[in-house]
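**Q** got a predicted structure here, sequence first:
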Amino acid sequence: MNLREKIRTLGWVYPTAILCIYGFFANCRCAEPFLTPYLVGPKNISEEVVTNYLFPIWTYSYLALLFPVFLLTDTLRYKPLIILQSAALVCNYCLLCFSDSLAAMTALQFSYAVVTSTEVAYFSSIYCLVPPERYQRATGYLRAASLIGYTFGATLSQLLVSLAGTSLFHINAITLGTVSVALLVSLAIPMPQRGMFFKGAETHDSGVEEEIEKGTTGSKMEKKGWFAQYETLTSNHVPIYIVWLVPVFSGSCCCSPLEVKRVFGQMRDALKEAYGSGKVVCWSLWWALATSGYTQVFNYVQLIWDHVEPSSSGAIYNGGVEAVCTLVGAAAAFGVGHIRMAWGVWGELCLGVFSAVGSGAVFLMAFTSSIWASYTGYVLFKASYMLAITITTFQIAANLSMECYALTFGINTFVALALQTVITAIVVDERALGLDIVTQFVVYGSYYTGISTLFFIRGLYTVCRHHCRRPPPTLTPHTEVLSIQRM
């Protein structure tokens with residue numbers, strides 16, 4: 001076994017383990033299910049200010065930060081962005097614990113936008129630290145660590161509130177401790193030697209290893225510039241829009257006009273390939289529409305719960321509900337992978353049905369006066385979304401080449417966030433309609449009704465077209481003889 005094979009065999013365990021530990025502590029945020037009761041209660045901020053002023057700041061900040069963070073992630077090699085994420089989490093809970101001013105809570109929303117926008121650095125860093133044959137297993141470990149951390153934090157907070165009578169301030173103090181551990185762990189995360197987008201550099205690295213094994217200095221390799229590796233990058237099937245996007249916008253290299261023209265020409269070709277298929281466009285449309293609505297419901301559900309059952313009554317089970325939702329959603333997403341169905345034919349109709357379930361669940365949360373009915377509606381809503389988004393994800397992937405996969409999902413996510421920002425600006429922001437929380441949920445339910453109607457009709461059309469185009473059954477020689485005899 002040569003040096004490169006030893007590195008690939010042994011070098012993936014430590015970065016995977018340390019990223020999983022970080023993911024557990026960063027997501028073990030006990031206070032998150034009780035954020036709204038804490039702001040409305042101990043912080044003495046009115047429900048209207050929280051709904052129509054504070055929460056929209058996060059949406060606007062998230063949209064503004066998403067693209068710059070995307071560019072910086074690969075340029076700075078991931079680790080600095082992960083450290084920034086953990087530092088922003090520590091800042092969040094310091095503000096929640098030790099400050100009561102509205103200005104501090106406003107800064108909190110921007111800080112939380114930093115946390116959410118840098119998630120891309122955490123989930124993509126593993127692909128720069130482990131060999132490709134370990135991608136699937138390492139990805140599963142990271143997702144599991146985040147899920148376990150969130151579920152553990154939500155469950156712990158519910159037990160502390162319900163059984164031990166712990167105050168929400170102390171819940172936030174405990175969370176400050178867990179995210180501080182995450183900050184310390186982030187310092188131990190290895191710095192990737194290459195970016196995820198510059199995969200062609202792996203060829204360069206392997207050449208260096210071979211030089212080391214032969215005992216040479218490898219100075220020739222060191223003299224290779226980024227432009228000298230261009231052909232290597234493209235010949236290894238790295239998308240041209242990925243190879244050039246970061247350096248072009250970050251100013252890390254100077255491109256000639258001819259090279260820039262070639263870059264944007266191939267970016268245009270990649271977009272045509274990604275969205276040239278009607279199926280990909282249809283699935284991506286559902287992704288963007290449904291995700292924007294889901295995020296709105298997720299962000300404001302604690303406010304509807306506080307409206308139905310004020311937190312001052314003491315009987316709040318937000319943590320337990322979030323834990324149950326996470327497990328039910330994960331089980332639903334896992335179960336989809338074991339259902340045998342012609343998703344290309346029936347998938348759009350399923351999206352319409354699942355969207356209808358989500359619409360009914362949101363209307364239930366809007367009109368019920370029972371907190372348990374509202375909790376049940378949220379569980380149904382989240383489970384239906386997890387089912388549908390899982391179907392959508394693998395259907396988009398099935399219709400794309402690997403080169404267009406990252407581009408398509410990135411664009412879909414950005415469009416979803418842009419739609420969410422528009423909804424927030426019109427429906428929630430106090431400078432526009434500034435609707436109360438019940439009316440907001442009526443709007444979200446109507447929004448999902450529209451999505452359901454659109455995809456139900458589209459699904460019926462797809463099913464009918466498929467059955468109309470089915471070729472007539474061919475007659476076997478045996479069948480032909482029988483038919484002749486009957487004549």
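**A** Here it is on my side, so go on. Quick caveat: nothing in here was measured; it's all calculated off a predicted structure.
**Q** low-confidence stretches in the stretch 251-400 of the chain?
**A** 251-270, 273-274, 312-315, 333-334, 336-338, 397-400 (pLDDT under 70).
**Q** residue ranges for the helices of it, please.
**A** For the stretch 251-400 of the chain, the helices defined by DSSP state H, counting those that start in this stretch cover 257-275, 278-308, 318-336, 343-367, 371-398.
**Q** quick check: angle from the second one to helix 371-398?
**A** So that's helix 278-308. 160 degrees (axes from the mean of the first three to the mean of the last three Cα atoms, to 10 degrees).
**Q** helix 278-308 vs helix 318-336, what angle?
**A** Going by the same axes, to 10 degrees, helix 278-308 makes 160 degrees with helix 318-336.
**Q** can the helices of the stretch 251-400 of the chain go into a markdown table with extra columns for distance to residue 31?
**A** The C-beta positions use only the backbone N, C-alpha and C, and glycine is treated the same way. Converted to a markdown table, those look like this (distance: least, Cβ to Cβ, whole Å):
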| stretch | distance to residue 31 |
| --- | --- |
| helix 257-275 | 40 |
| helix 278-308 | 12 |
| helix 318-336 | 9 |
| helix 343-367 | 22 |
| helix 371-398 | 19 |
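**Q** for the ones you listed, which one sits closest to residue 427?
**A** Across the helices of the stretch 251-400 of the chain, residue 427 has its closest neighbour in helix 278-308 (8.2 Å, Cβ to Cβ).
**Q** quick check: residue 286 touching residue 392?
**A** Yes - counting by Cβ atoms under 8 Å, residue 286 touches residue 392, with 5.9 Å between them.
**Q** overlap in contacts, those two.
**A** Listed contacts common to residue 286 and residue 392 are residue 351; contacts here mean Cβ atoms under 8 Å, 6 or more residues apart in numbering.
**Q** can I get the helices of the stretch 251-400 of the chain in JSON lines with distance to residue 99 and mean neighbour count?
**A** Shown next, in JSON lines, are these (distance: least, Cβ to Cβ, whole Å; neighbours: other Cβ atoms under 10 Å):
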{"stretch": "helix 257-275", "distance to residue 99": "45", "mean neighbour count": "14"}
{"stretch": "helix 278-308", "distance to residue 99": "20", "mean neighbour count": "21"}
{"stretch": "helix 318-336", "distance to residue 99": "23", "mean neighbour count": "19"}
{"stretch": "helix 343-367", "distance to residue 99": "31", "mean neighbour count": "21"}
{"stretch": "helix 371-398", "distance to residue 99": "30", "mean neighbour count": "21"}
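**Q** so which of these is nearest residue 434?
**A** With Cβ to Cβ as the yardstick, what comes closest out of those is helix 278-308 (13.2 Å).
**Q** re earlier: between the helices of the stretch 251-400 of the chain, which gets nearest to residue 55?
**A** With Cβ to Cβ as the yardstick, what comes closest out of these is helix 278-308 (5.9 Å).
**Q** now for the closest one, which elements pack on it?
**A** helix 35-40, helix 47-49, helix 55-75, helix 257-275, helix 343-367, helix 371-398, helix 402-423, helix 437-468 (3 or more Cβ pairs under 8 Å, 6 or more residues apart in numbering; DSSP states H and E).
**Q** and residue 191, what pLDDT?
**A** Confidence at residue 191, expressed as pLDDT, is 85.
**Q** count the neighbours of the nearest residue to it once chain neighbours are set aside for me.
**A** Of all residues not flanking residue 191 in the chain, residue 79 sits nearest, at 4.9 Å (Cβ to Cβ, 6 or more residues apart in numbering). Neighbourhood size, residue 79 [other Cβ atoms under 10 Å]: 19.
**Q** how much space separates residue 79 from residue 121?
**A** From residue 79 across to residue 121, the span is 8 Å (Cβ to Cβ, to the nearest Å).
**Q** what's the answer for residue 317, then?
**A** On the measure of Cβ to Cβ, residue 317 and residue 121 end up 34 Å apart.
**Q** for residue 25, same thing?
**A** 16 Å.
**Q** next up, the contacts around the closest residue to residue 284 other than its chain neighbours.
**A** Spatial nearest neighbour of residue 284, excluding adjacent residues (Cβ to Cβ, 6+ apart): residue 412 at 5.0 Å. Taking Cβ under 8 Å, 6+ apart, we find residue 412 in contact with 284, 287, 288, 291, 396.
**Q** can you lay out the residues you listed as CSV showing distance to residue 126?
**A** CSV is the format used below for these (distance: Cβ to Cβ, whole Å):
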residue, distance to residue 126
284, 25
287, 23
288, 26
291, 23
396, 21
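**Q** still on that earlier bit, quick one: which of residue 317 and residue 121 has more around it?
**A** More crowded of residue 317 and residue 121, by other Cβ under 10 Å: residue 121, with 23 against 18.
**Q** the more buried one: which element?
**A** For residue 121, the element it lies in under DSSP states H and E is helix 119-129.
**Q** in that helix, what's buried?
**A** Under the neighbour-count criterion of 16 or more other Cβ atoms under 10 Å, helix 119-129 has 120, 121, 122, 124, 125, 126, 127, 128, 129 buried.
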